[in-house]
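In: when you get a sec, could you give me coordinates for this:
(one chain, ligands or ions: 2)
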Amino acid sequence: MHHSEHPYHWWQSGVVYQVYPRSFKDSNRDGIGDLNGVIEKLDYLKELGIQAIWLSPFYPSPMVDFGYDVADYCDVDPMFGSLDDFDRLVASAHQRGLKIIIDWVPNHTSDQHEWFKESRASQDNPKRDWYIWRDPKADGGLPNNWGSVFGGPAWTFDRQTGQYYLHQFVPEQPELNWRNPDLRAAMYDTLRFWLKRGVDGFRMDVIGMILKDEQLRDNPPNPQANPNAPANDIFGRLLSLHNMDQDEVHQIIREIRAVLDEFDERCGIGELWGDLDRWVRYYGENGNELQLPFNFRLMWEPWQAEAMRRSVDALEAALPPFAWPNYVLGNHDQPRLATRFGGQAQARLAAMLLLTLRGTPTLYYGDEIGLENGLIPADKIQDPQGKNLGVERTRDVCRTPMQWDDTPFAGFSTSEPWLPVSADHKTRNVKAQQADPASMLNLYRQLLKLRAGTPALQIGSYTAIDCGVENCFVYRRQVQGEERIIALNFSAEPRKVNIPGSLRGTIILSTHLDRNETTALGALELRPYEGLILVPEK
Ligand code: NOJ
Ligand code: CA
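Out: Ligands and ions are numbered 1, 2, ... in the order given. Now for the predicted structure:
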């Protein structure tokens, strides 16, 4: 069966690759990546073997939160290029069979957005109700106890009009009022603006937060709060009971989906943080909400096979039949996976896990060459989260420039980049890894190629296998008589696993890229941190 013949959607069979545009490739020597830089690298992405590119925001923005503070939903910041550049990017991607997914930030705008400028002008401005304004309490206090994700309270007082406005991120990100029908209509039009330009989908920023409790009740304390969190981490000390995943948000998501469905084959991806039971509802009661509510669970698991398996099995068990799984191991808000999981060997195994589970994987730029956390001196911190909550919370570490070659600025730019290039770019870069058959990059390419050519891996069922030893995760993927076995050793020691069902199997890929042999499955030997993909003998 050829993969184009099966009745699956591109967002099911393909792999998504996240580009953080500021850090991918600078085409005009200002030290900041841009859309033309992404166009220059389309052939690289095509060769890598991904299906869709998700671009973090490139909208006009004062960049207080690096583009997640949007000043105009229907334009491109000159720093990143122009609408013409964007159209060329879409056309060039489509020519190569690549899809373009863009970020959409519906929870808040920049305080420099025209809508907010109007809204804050007076209490009776027609756009006053497009944002969330509240009177001070009788004693002059804040309207409720909510905190900002980036530290401090979620309310800022506006002297001119004598009310507080809500912002669960920086004060320069006032939150929109999705209970207002005119605001909803205006936001749906921003989707149509890009859908007409040919975008294939949206990654929707903190979509579970767009609707709040109607009475804005106080959140209860979080019993699991980190006792060592900085004093200003009010958000972390409360349970997100009334500020996210409200029942009424689902009606809005169905409306958003209806806008996507005015066009063919467009995909909605949601950034969601809640527990499994809250999260699974975003697929809709019969698949009428988001196609891919981001599943971040593996990202939070310890480096341990049993924990990973439990997470996957729980997800599989929670999904209704129409819901398609997905997995994420890194993004622009988390430490680099090679750092988080303890090293390059672990990162190679993680790549095999991510690309062989049932469901759509999302890759983060640079993970394919094993980028590690950047070292950001305190005075170079750019991220508001790092500035407000401390160096150890800064997200700059995972946003350092992509390492294309060993030149002074790693081939990212010929000028000083906005964040320091990591010193390891001398050896860890695309050019060097292209030339090294055993590199991380070649592992990613082979995994992606294998996946694309193997229906069992792309769309097959998933069944965990009890393999009898500790710290190994083994599973079977199967479709129409085609079968693959994946055996992953999370331990730093060699392991022998028992795979029931067949006596022998052929190794078609090892994370070490040095093994292709037929072997007994009753005592399959795995080296430290080795992962194998096998075809069992019938
Ligand atoms: C989630 C985004 O991924 C993050 O980068 C951003 O700071 C917040 N949402 C606010 O938009
Ligand atoms: Ca640039």
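In: and the stretch 351-500 of the chain, which of its residues are near ligand 2?
Out: Where proximity means Cβ under 5 Å from the ion, the stretch 351-500 of the chain presents no interface facing ligand 2. Backbone N, C-alpha and C define where each C-beta goes, glycine included.
In: now do the strands in the stretch 351-500 of the chain.
Out: Taking DSSP state E, counting those that start in this stretch, the strands of the stretch 351-500 of the chain run over residues 360-364, 461-465, 472-479, 482-489, 495-497.
In: and those: which comes nearest ligand 1?
Out: Using Cβ to the nearest ligand atom as the measure, strand 360-364 is the one of these that comes nearest ligand 1, at 11.5 Å.
In: run me through the strand neighbours of the closest one, direction for each.
Out: Its sheet considered, strand 360-364 pairs with strand 16-19 (parallel), strand 326-328 (parallel) by DSSP bridges.
In: can you put those strands in TSV and add mean pLDDT, mean neighbour count and distance to residue 372?
Out: Compiled in TSV, the strands paired with strand 360-364 are given as follows (pLDDT from 0 to 100; neighbours: other Cβ atoms under 10 Å; distance: least, Cβ to Cβ, whole Å):
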stretch	mean pLDDT	mean neighbour count	distance to residue 372
strand 16-19	99	24	17
strand 326-328	98	23	18
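In: indicate which one of those is closest to ligand 1.
Out: Closest to ligand 1 of the strands paired with strand 360-364 is strand 16-19 (Cβ to the nearest ligand atom; 10.1 Å).
In: for the stretch 51-200 of the chain, what are the low-confidence residue spans?
Out: Counting by pLDDT under 70, not a single residue of the stretch 51-200 of the chain qualifies.
In: show me what from it comes close to ligand 1.
Out: Counting by Cβ under 6 Å from any ligand atom, the stretch 51-200 of the chain comes close to ligand 1 at 65, 68, 105, 169.
In: ok, 8 Å please
Out: Contacts of the stretch 51-200 of the chain with ligand 1, taken as Cβ under 8 Å from any ligand atom, map to 56, 65, 66, 68, 69, 105, 107, 108, 149, 150, 169, 173.
In: and the residue of this protein closest to ligand 1?
Out: Closest point on the chain to ligand 1, by Cβ to the nearest ligand atom, is residue 68, at 3.4 Å.
In: in the stretch 101-250 of the chain, which spans are strands?
Out: Counting by DSSP E, counting those that start in this stretch, the stretch 101-250 of the chain has strands at residues 133-134, 155-158, 163-166, 201-204.
In: neighbouring contacts of the shortest one?
Out: Taking Cβ atoms under 8 Å, 6 or more residues apart in numbering as the criterion, the residues outside strand 133-134 that touch it are 119, 123, 143, 155, 158, 161, 163, 164, 165, 166, 216.
In: what number of residues lie near residue 420?
Out: 16 (other Cβ atoms under 10 Å).
In: kindly report the same for residue 9.
Out: Using other Cβ under 10 Å, residue 9 has 12 neighbouring residues.
In: ok now stretch 125-136, how far from the chain's centre?
Out: Taking the mean of its C-alpha atoms, stretch 125-136 sits 32 Å from the chain's own mean (Cα atoms, centre = their mean, to the nearest Å).
In: next, the buried residues of that stretch.
Out: Within stretch 125-136, the residues scored as buried using 16 or more other Cβ atoms under 10 Å are 127, 128, 130, 131, 132, 133.
In: now render those residues as JSON lines, adding distance to ligand 2.
Out: As requested, these are exported to JSON lines (distance: Cβ to the ion, whole Å):
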{"residue": "127", "distance to ligand 2": "33"}
{"residue": "128", "distance to ligand 2": "38"}
{"residue": "130", "distance to ligand 2": "33"}
{"residue": "131", "distance to ligand 2": "32"}
{"residue": "132", "distance to ligand 2": "35"}
{"residue": "133", "distance to ligand 2": "37"}
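In: element containing residue 508?
Out: For residue 508, the element it lies in under DSSP states H and E is strand 504-510.
In: flag every buried residue along that strand.
Out: 505, 507, 509, 510.
In: just the residues you listed now: which is nearest ligand 2?
Out: The closest of these to ligand 2 turns out to be residue 509 (Cβ to the ion; 37.6 Å).
In: nearest residue to that closest one in space, please, no chain neighbours.
Out: Spatial nearest neighbour of residue 509, chain neighbours left out: residue 533 (4.4 Å); criterion: Cβ to Cβ, 6 or more residues apart in numbering.
In: got the contact list for the residue nearest in space to the middle of the chain?
Out: For the chain, residue 331 is the residue whose C-alpha lies nearest the centre (Cα atoms, centre = their mean; 4.8 Å). Contacts for residue 331 (Cβ under 8 Å, 6+ apart) come out as 18, 362, 364, 398.
In: ok, of those, which one's closest to ligand 2?
Out: residue 18 (18.8 Å).
In: done for today, thanks.
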